[in-house]
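Asker: Quick one: sequence and predicted model below, then my questions.
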Amino acid sequence: MVEVFASLQGEGPFTGSRSVFIRLAGCDLRCPFCDTVYSLDPRAGRPVDVEELARVVEEERPSLVVVTGGEPLLQRRGVNELARLLAGRGYRVQLETNGTLPAPEPGEPLYQVYHVVSPKDVPVAVEGARLHPSWVEASRSTGRVWFKFLASSEEHVEAVARYVEEKGIPWERVYVMPLTREGMSPEELLGLHRRVARLALDHGFNFSPRLHLLLGLR
Ligand SMILES: C[S@@+](CC[C@H](N)C(=O)[O-])C[C@H]1O[C@@H](n2cnc3c(N)ncnc32)[C@H](O)[C@@H]1O
Ligand SMILES: Nc1nc2[nH]cc(C(=O)O)c2c(=O)[nH]1
Ligand code: SF4
Ligand SMILES: [Mg+2]
């Protein structure tokens, strides 16, 4: 694990939820725009047992626990253990993933968890990024999977629209979120949000802000 912190969920279908974030180390991709490069090397993390994480969660009593990274599904066994423990204590859990690894199967504790998949083969393909097809099936059948695509231009949103159509992803399960750069001013951030929100609306997609950036939260 790299870090655990409390904040508002800033992105996706649970935006605004008081959350505890658990960020795991290691990633199978190296996106050039990644805003958490400090989490990509598996050596960036320290081993932690799930009981210790559950104690931090119990102290905060959040309405949501967000498991992220890095790529959290690289540690599937540990994440399954954590999901089992937290679900047993009544917590709602949501995982952030790039979607390269398979979706959970019925019977895995992770199957009950909400997943927000942010594919990296569109709008601009990152090397090695390929969406595992099981996420598309899961988004149609489980009610627990959403997609969150990054975009900063009309070309990007059009590429997302073609991709969603081609893969058969349910449109109501899709969020488009601003692709931000480090060091953007509040005015630039707001301008980007306005443009991407307009594009999302015009193309029939949900919009996700990056609320934490707008509010100066973590
Ligand atoms: C750091 S990633 C960790 C989870 C997983 N590796 C993934 O990419 O979905 C968490 C979220 O941040 C998003 N993200 C990373 N860099 C970003 C950037 N520069 N602008 C907007 N979103 C970004 C990712 O798309 C993902 O939705
Ligand atoms: N506030 C806040 N919300 C987030 N939603 C997803 C995040 C992530 O890095 O996975 C994130 C994050 O880093 N901070
Ligand atoms: S997949 Fe996620 S964590 Fe990995 S490099 Fe890309 S944005 Fe960063
Ligand atoms: Mg983040």
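Answerer: Structure received. Ligands and ions are numbered 1, 2, ... in the order given.
Asker: And the residue nearest the centre of the chain?
Answerer: The structure's the chain has its C-alpha centroid closest to residue 96; by Cα atoms, centre = their mean the separation is 2.9 Å.
Asker: Give the buried residues for stretch 24-40.
Answerer: 24-27, 29, 31, 39-40 (16 or more other Cβ atoms under 10 Å). For every residue, glycine as well, the C-beta is placed using N, CA and C.
Asker: near ligand 3, which of those show up?
Answerer: When contact is defined as Cβ under 6 Å from any ligand atom, these meet ligand 3 at 27, 29, 31, 40.
Asker: quick one: contacts for the residue nearest to the centre of the chain?
Answerer: 11-12, 66-69, 72, 116, 118 (Cβ atoms under 8 Å, 6 or more residues apart in numbering).
Asker: any idea how far it is from ligand 1?
Answerer: Distance, residue 96 to ligand 1, by Cβ to the nearest ligand atom, to the nearest Å: 4 Å.
Asker: How about the secondary structure of that residue?
Answerer: strand (DSSP: H, G, I helix; E, B strand; the rest coil).
Asker: which one of the contacts of residue 96 is nearest ligand 3?
Answerer: residue 69 (5.5 Å; Cβ to the nearest ligand atom).
Asker: Run a quick neighbour tally on the residue in the chain positioned nearest to ligand 1.
Answerer: The chain approaches ligand 1 most closely through residue 118 (3.4 Å), counting by Cβ to the nearest ligand atom. By the other Cβ atoms under 10 Å criterion, the neighbourhood of residue 118 contains 18 residues.
Asker: so which helix or strand takes in the residue nearest to it when sequence neighbours are not counted?
Answerer: The shortest distance from residue 118 to any non-neighbouring residue, by Cβ to Cβ, 6 or more residues apart in numbering, is to residue 148 (4.7 Å). Element membership of residue 148, judged by DSSP states H and E, is strand 145-151.
Asker: So residue 172 belongs to a strand, correct?
Answerer: No - the assignment for residue 172, made by three-state DSSP, is helix rather than a strand.
Asker: Is the nearest residue to it once chain neighbours are set aside bridged to anything, and to what?
Answerer: In space, and not counting its chain neighbours, residue 172 is closest to residue 206: 7.4 Å by Cβ to Cβ, 6+ apart. Beta bridges link residue 206 to residue 175 when assigned by DSSP bridges.
Asker: Write out the residues of this protein neighbouring ligand 2.
Answerer: Residues of the chain lying near ligand 2 (Cβ under 6 Å from any ligand atom): 7-11, 21, 36, 66, 68, 96, 212, 217-218.
Asker: Of those, which pair is most distant in space?
Answerer: Within the residues of the chain next to ligand 2, two members stand farthest from each other by Cβ to Cβ: 8 and 36, at 17.1 Å.
Asker: partners of the residue nearest to the centre of the chain in the sheet?
Answerer: Beta-bridge partners, per DSSP bridges, of residue 96: residue 116.
Asker: Helix or strand for the residue lying farthest from the centre of the chain, just tell me which one.
Answerer: Computed with Cα atoms, centre = their mean, the residue of the chain farthest from its C-alpha average is residue 187, at 24.8 Å. Secondary structure from DSSP H and E places residue 187 in helix 186-203.
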